[in-house]
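# Got a predicted structure here, sequence first:
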Amino acid sequence: MGNAHEDVLTAFEATLKAVHAHLVRTHLPEQAGKLTGKKIVGNAFQNVERGRKLFARLGLDPFEGLSDDEIAHIRLNAEKRHVLGHNLGVADEHYASFAEDLEPGETVTLIGEDVRRFGALCLNVVERLDDSLVPGASITPSAA
């Protein structure tokens, strides 16, 4: 179960990173080196807010259309992956601030329905971004 969960986040992050880089090269070619560099991007697409910030320069919000609950589920599961992979499944204070039902020191559980929903929501985001790859798609890069 843990591998499936990690694979969802890995595929999600890689897809967002690739789409972002392509759109920057296509719509902001003069800034491509600056906006797609490892120092700028890093693992930003494992974090909803940081990923949104990078796409905002392209005038896009990949999470547009999702409910607050759906975005919270993606956020929680991205954080859960870090706890499972780096803390042996033990919630730290940062994770506990996202998970309403856990205190620091408690064990994070992972069930199939959580992974399925996480995957479905990530696919929803990717499908929305896919529309931005169509030639002539409406993208309005910001001056920032």
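Right, received. Where do you want to start? Residues are numbered from 1 along each chain as shown.
# can you give me the helices for the protein?
2-27, 32-35, 38-41, 48-56, 68-86, 93-98, 112-132 (DSSP state H).
# Near Glu93, how many other residues are there?
The local packing of Glu93 (other CB atoms under 10 Å) involves 9 other residues. (Each C-beta comes from the backbone N, C-alpha and C, glycine too.)
# Distance check, the residue nearest to it when sequence neighbours are not counted against Gly119.
Distances taken as CB to CB, 6 or more residues apart in numbering place Pro104 nearest to Glu93, at 4.9 Å, with adjacent residues excluded. According to CB to CB, to the nearest Å, Pro104 and Gly119 sit 27 Å apart.
# Between the two, point out the one with more neighbours.
Counted by other CB under 10 Å, Pro104 and Gly119 do not tie: Gly119 has more neighbours, with 18 against 12.
# Nearest spatial neighbour of the more buried one, chain-adjacent residues omitted?
Val8 (4.7 Å).
# how close does that neighbour sit to Lys34?
From Val8 to Lys34 the distance is 30 Å (CB to CB).
# Next: Gly89.
For Gly89, the distance to Lys34 - CB to CB - is 38 Å.
# So which of those two has more stuff around it?
The residue with more neighbours, out of Gly89 and Lys34 and counting by other CB under 10 Å, is Gly89; that gives 15 against 11.
# What's the local residue count around the residue nearest to Gly65 when sequence neighbours are not counted?
The spatially closest residue to Gly65, leaving aside those adjacent along the chain, is Arg128, at 6.5 Å (CB to CB, 6+ apart). A count of nearby residues for Arg128, using other CB under 10 Å, gives 16.
# got the contact list for the closest residue to Leu60 other than its chain neighbours?
With CB to CB, 6+ apart as the criterion, Leu60 has its nearest non-adjacent residue at 6.0 Å, and that residue is Ser132. For Ser132, the contacting residues are Val19, Leu23, Leu58, Leu60, Ile139, by CB atoms under 8 Å, 6 or more residues apart in numbering.
# Buried subset of the residues you listed as a PyMOL selection?
To isolate the buried members of the contacts of Ser132 in PyMOL, using 16 or more other CB atoms under 10 Å:
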select buried, resi 19+23+58+60
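# Having no further points to raise, I will conclude here.
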